[in-house]
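Enquirer: Predicted model and sequence below, questions to follow.
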Amino acid sequence: MNALNLVQARFNMVEQQIRPWDVLHQDILVLLEKLPRDEFVSENYKNLAYADMRIPLGNGQFMMEPKIEARILQALEVQTNEKVLEIGTGSGYLTALLATQAEHVTSVEIHPELQLQAKQRLAAHDIKNVTLETGDAANGWDGQYDAIVITGSLPLMPDYYKQGLNVGGRLFVICGDAPAMEARLVTRLGQDEFSDEALFETDLPALENAPQPDRFSL
């Protein structure tokens, strides 16, 4: 696919996938049309960068469908003075999108090879307000943040992610077991007060080493 076709594919992604999935914030639509998603995937997947599908990244990891990334941005409503934690860097594409909105993004990736690729891609786009960390954040991560996004699903929602929010902070998480998972937005209203909003149903591979509930077995 040549450069002109990729531009058209990016436009079609926004118009045919993103808008119909109730993403209507104009700044998000402009951002998705501006940032070239094809530059955050390996060469053999460039032609599929704008398709409504998960793209393999290696190490058993996947890039989310574009419409889910767009709904994350719309739900979190990140502001230019806010600090964001992303658990699961993956391709670095969502990291880049968040970084254009936030003051600073801390992104944690368990696989060093993926982190290195993301680092190179972010540098190629001159995105500097990101700190990339290597580690397992399935049991939380140090610091307090205005927004937290977990890019793999969780069977249950541990309390420590909510405790990592500043007052007014938002947590995006997909909870449940396949095929019945639900995207949720948790907002910290006060020191011990939270709201929890169901956003949409979906299905997403689990976060590596995600905490598991007690399972009943005979």
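Expert: Everything's here; your move. Numbers count the residues shown, from 1 in each chain.

Enquirer: C-alpha only now, for contacts and for neighbours.
Expert: Noted.

Enquirer: Okay, now the unreliable bits of this protein?
Expert: Low-confidence segments of the chain (pLDDT under 70): 1, 214-218.

Enquirer: hey, which helix is longest across it?
Expert: helix 112-124 (DSSP state H).

Enquirer: Output that helix in CSV, but only the C-alpha positions, please.
Expert: Extracted C-alpha coordinates of helix 112-124, given in CSV (Å, rounded to 0.1, in the frame of the first residue of the first chain):
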residue,chain,number,x,y,z
PRO,A,112,11.9,-5.4,26.8
GLU,A,113,11.7,-6.1,23.0
LEU,A,114,8.4,-4.3,22.7
GLN,A,115,9.5,-1.5,24.8
LEU,A,116,12.6,-0.9,22.6
GLN,A,117,10.4,-0.9,19.5
ALA,A,118,8.0,1.6,21.1
LYS,A,119,10.9,3.8,22.2
GLN,A,120,12.2,3.9,18.6
ARG,A,121,8.8,4.8,17.2
LEU,A,122,8.1,7.5,19.7
ALA,A,123,11.6,9.0,19.0
ALA,A,124,10.8,9.0,15.3
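
Enquirer: residues of that helix that come out buried?
Expert: By 16 or more other C-alpha atoms under 10 Å, the buried positions in helix 112-124 come out as 114, 115, 116, 117, 118, 119, 121, 122.

Enquirer: and which of those residues is nearest to residue 205?
Expert: residue 114 (16.6 Å; C-alpha to C-alpha).

Enquirer: and the host helix or strand of residue 181, what other elements does it pack with?
Expert: Using DSSP states H and E, residue 181 sits within strand 180-190. Judged by 3 or more C-alpha pairs under 8 Å, 6 or more residues apart in numbering; DSSP states H and E, the packing partners of strand 180-190 are strand 165-177, strand 193-202.

Enquirer: Measure how it sits relative to strand 193-202, angle-wise.
Expert: Interaxial angle, strand 180-190 versus strand 193-202 (axes from the mean of the first three to the mean of the last three C-alpha atoms, to 10 degrees): 160 degrees.

Enquirer: can you map out the helices along this protein?
Expert: 3-13, 26-34, 66-76, 93-101, 112-124, 159-163.

Enquirer: ok, residues contacting the strand holding residue 181?
Expert: Strand 180-190 is contacted from outside by 75-76, 162, 165-176, 194-204, using C-alpha atoms under 8 Å, 6 or more residues apart in numbering.

Enquirer: one more time with 10 Å
Expert: 68, 71-72, 75-76, 146-149, 153-155, 161-176, 193-204 (C-alpha atoms under 10 Å, 6 or more residues apart in numbering).

Enquirer: And these, which of them are buried?
Expert: Among the contacts of strand 180-190, those classed as buried by neighbour count (16+ other C-alpha under 10 Å) are 68, 71-72, 76, 146-149, 153-155, 161-167, 169-176, 202-204.

Enquirer: so how far is residue 10 from residue 95?
Expert: Distance of residue 95 to residue 10, given as C-alpha to C-alpha, to the nearest Å: 18 Å.

Enquirer: do the same with residue 121
Expert: Distance from residue 121 to residue 10, by C-alpha to C-alpha: 18 Å.
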